[in-house]
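Asker: output the structure for:
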Amino acid sequence: MTQQVRLDIFADPVCPWCLIGKAELDRALESRPEHLFAITWQPFRLDPQMPQAGMDYVAYMKMKFGDEKGIIAAMKPVMEASERLGLWINPSLIERVPNTLNAHRLLYWAGLEAAQTPVMSGLMRAHWREGKNISNPDVLVAIAEGAGMDGQMVRRLLATTEDRDEVATREIHARQRGINSVPTFVVADTHVVSGAQPASLWMQVIDELTGNSPA
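Answerer: Next comes the predicted model:
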């Protein structure tokens, strides 16, 4: 049996380039179904100091990029890339930038049920396309159920502090390893690939791993 290759992805569902990077990787995986990747989504919050209640989206964007002109300039490449990839995101629906700790807790639990990727897809879709608050337990439960998880169990866990420390510790460990931006991909616990890479790069990596690269 061919051995799988671990692919750790450090990402935050509210990070636009994580959305783009995932879409590019998804294209490559669909094009190369023989890929050997075993994907694990690792926690990394864009803003660990985000208030528990989150922040107003427009106020947050102005804090990061200045005036409306700066916001448009920052989002222009994101919108162009999302349109090219057929993602059709709608930032105008986003009212608040959430604290994503609970979203990362859900991703951690999803990992125990081999449901991380559908959960991450659901989180990104809820935030970027539907403008939903992914710190809201009702939203998280619906995403969990959509990925085949036990919604009532997730609701009970969210009402506790279960695994908050585990998620925070993993994020701290990532920063100690030198990971300071997302998305960051780590192939076989060795090779680090930073940023949203095109599908063509991932196809090349897959071809090399499967022995199908051109001579």
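
Asker: okay, now the unreliable bits of the protein?
Answerer: 1, 213-215 (pLDDT under 70).

Asker: tell me where it has helices.
Answerer: Using DSSP state H, the helices of the chain run over 16-31, 57-65, 68-84, 101-111, 116-124, 137-146, 151-158, 164-176, 199-210.

Asker: format those helices as TSV; extra columns: mean neighbour count and distance to Ala38.
Answerer: The way it works is simple: take the backbone N, C-alpha and C, and place the C-beta from them, glycine included. Formatted as TSV, the helices of the chain follow (neighbours: other C-beta atoms under 10 Å; distance: least, C-beta to C-beta, whole Å):
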stretch	mean neighbour count	distance to Ala38
helix 16-31	20	12
helix 57-65	15	34
helix 68-84	14	27
helix 101-111	23	11
helix 116-124	23	11
helix 137-146	19	21
helix 151-158	16	23
helix 164-176	14	17
helix 199-210	17	12
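
Asker: minimum distance to Val182: which of those has it?
Answerer: For Val182, the closest of the helices of the chain is helix 16-31, at 5.4 Å, according to C-beta to C-beta.

Asker: for Ile39, which of the helices of the chain is the nearest?
Answerer: Nearest of the helices of the chain (C-beta to C-beta): helix 116-124, 6.1 Å.

Asker: what's the angle from that closest one to helix 101-111?
Answerer: 160 degrees (axes from the mean of the first three to the mean of the last three C-alpha atoms, to 10 degrees).

Asker: okay, helix 116-124 in CSV with CA atoms only?
Answerer: The C-alpha coordinates for helix 116-124 follow below in CSV (Å, rounded to 0.1, in the frame of the first residue of the first chain):
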residue,chain,number,x,y,z
GLN,A,116,-12.1,18.6,8.9
THR,A,117,-12.1,19.6,5.2
PRO,A,118,-16.0,19.7,4.9
VAL,A,119,-16.1,21.7,8.1
MET,A,120,-13.5,24.2,6.9
SER,A,121,-15.4,24.5,3.6
GLY,A,122,-18.6,25.2,5.6
LEU,A,123,-16.9,27.8,7.8
MET,A,124,-15.5,29.6,4.8
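
Asker: and that helix, how far from the chain's centre?
Answerer: 7 Å (C-alpha atoms, centre = their mean, to the nearest Å).

Asker: quick check: angle from that helix to helix 16-31?
Answerer: Orientation of helix 116-124 against helix 16-31 (the same axes, to 10 degrees) gives an angle of 140 degrees.

Asker: if you count contacts, what does helix 116-124 end up packed against?
Answerer: helix 16-31, strand 37-43, helix 101-111, helix 137-146 (3 or more C-beta pairs under 8 Å, 6 or more residues apart in numbering; DSSP states H and E).

Asker: now render those as a markdown table, adding distance to Ser194.
Answerer: Below are the helices and strands packed on helix 116-124 laid out as a markdown table (distance: least, C-beta to C-beta, whole Å):
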| stretch | distance to Ser194 |
| --- | --- |
| helix 16-31 | 10 |
| strand 37-43 | 14 |
| helix 101-111 | 20 |
| helix 137-146 | 27 |
